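**Q** pasting the structure only:
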């Protein structure tokens, strides 16, 4: 699968731990503000973004020195976002409902979930995204105090990957539709072991109900 490291974000502040707090000029990345969010699509996944953080805070509270990414979801499923391996104590928020975070937005955030996988002070979020909805990823530092990195223009690493298919997407084409219903019914009529969705050793009406419930609610 393709990986890309965008070169559109100039790393202009060279001091890693002191960042722009040392008096260097802070250079705004192109995605310093939400309306300049860097976009990516499903075909890009897994994708890795690297570069310097922003110069100031643009949304409510943390993350500070924030940057923005946008994903117009076309495949329903679980997605993983992480800043594991970034400098210092980073923070991340994933939300929908428009460009710019509001308390009423549908959102999830994280701080310190990278234990055992990079810097334990970095966030990792695994969440279900729905096809047809636009999502924004806001990353930055957990605090604004310049003595505690990351600071303005300090380096970061953002990884995004597709973590799981919808359980009802039996033909693994990224969609749960009538084709999957027909495929399940064929497996059911053949008595295929994979049709035993509730794992009770019998293939019967309860498995059909299990499939239809997943199809209706999870996809």
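**A** Arrived safely, thanks for sending. Note that this is a predicted model, so its numbers are computed, not measured.

**Q** only C-alpha atoms for contact and neighbour calcs from this point on.
**A** Will do.

**Q** how's the chain carved up into domains?
**A** Here the domain parsing of the chain from automatic domain parsing is 19-165, 178-217.

**Q** what residue is smack in the middle of the chain?
**A** With distances taken as CA atoms, centre = their mean, residue 81 lies nearest the centre of the chain, 3.5 Å away.

**Q** Determine the three-state secondary structure at that residue.
**A** When classified by DSSP: H, G, I helix; E, B strand; the rest coil, residue 81 comes out as strand.

**Q** Report the beta-bridge partner residues of it.
**A** residue 125, residue 160 (DSSP bridges).

**Q** ok, and the closest non-adjacent residue to residue 169?
**A** Counting by CA to CA, 6 or more residues apart in numbering, residue 169 lies nearest to residue 176, which is 4.7 Å off, once chain neighbours are set aside.

**Q** Residues contacting the one helix or strand in the chain whose mean pLDDT sits lowest, please?
**A** The helix or strand of the chain with the poorest confidence is helix 205-217; it has a mean of 84 (mean pLDDT, DSSP states H and E). The contact list for helix 205-217 (CA atoms under 8 Å, 6 or more residues apart in numbering) reads 167-168, 176, 195-198.

**Q** Low-confidence ranges, the protein, go.
**A** Applying pLDDT under 70 to the chain picks out residues 1-24, 102-105, 116-119, 165-167, 172-174, 217-219.

**Q** so where do the helices sit in it?
**A** Per DSSP state H, the chain carries helices over the ranges 178-190, 205-217.

**Q** Redo the ones you listed as a markdown table? Include mean neighbour count and distance to residue 44.
**A** Rendered in a markdown table, the data for the helices of the chain read as follows (neighbours: other CA atoms under 10 Å; distance: least, CA to CA, whole Å):
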| stretch | mean neighbour count | distance to residue 44 |
| --- | --- | --- |
| helix 178-190 | 14 | 25 |
| helix 205-217 | 14 | 26 |
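
**Q** Between the ones you listed, which one is closest to residue 108.
**A** Evaluated with CA to CA, those place helix 205-217 nearest to residue 108, the distance being 20.0 Å.

**Q** wait, residue 82 sits on residue 121?
**A** No. The criterion here is CA atoms under 8 Å, and residue 82 misses it with residue 121 at 11.2 Å.

**Q** Tabulate the contacts of helix 205-217 in JSON lines, adding columns for distance to residue 132 and neighbour count.
**A** Conversion of those to JSON lines gives the following (distance: CA to CA, whole Å; neighbours: other CA atoms under 10 Å):
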{"residue": "167", "distance to residue 132": "18", "neighbour count": "14"}
{"residue": "168", "distance to residue 132": "18", "neighbour count": "23"}
{"residue": "176", "distance to residue 132": "13", "neighbour count": "23"}
{"residue": "195", "distance to residue 132": "29", "neighbour count": "23"}
{"residue": "196", "distance to residue 132": "31", "neighbour count": "20"}
{"residue": "197", "distance to residue 132": "28", "neighbour count": "17"}
{"residue": "198", "distance to residue 132": "30", "neighbour count": "15"}
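
**Q** Mind putting these into JSON lines with distance to residue 98?
**A** Formatted as JSON lines, the contacts of helix 205-217 follow (distance: CA to CA, whole Å):
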{"residue": "167", "distance to residue 98": "28"}
{"residue": "168", "distance to residue 98": "29"}
{"residue": "176", "distance to residue 98": "26"}
{"residue": "195", "distance to residue 98": "40"}
{"residue": "196", "distance to residue 98": "41"}
{"residue": "197", "distance to residue 98": "37"}
{"residue": "198", "distance to residue 98": "39"}
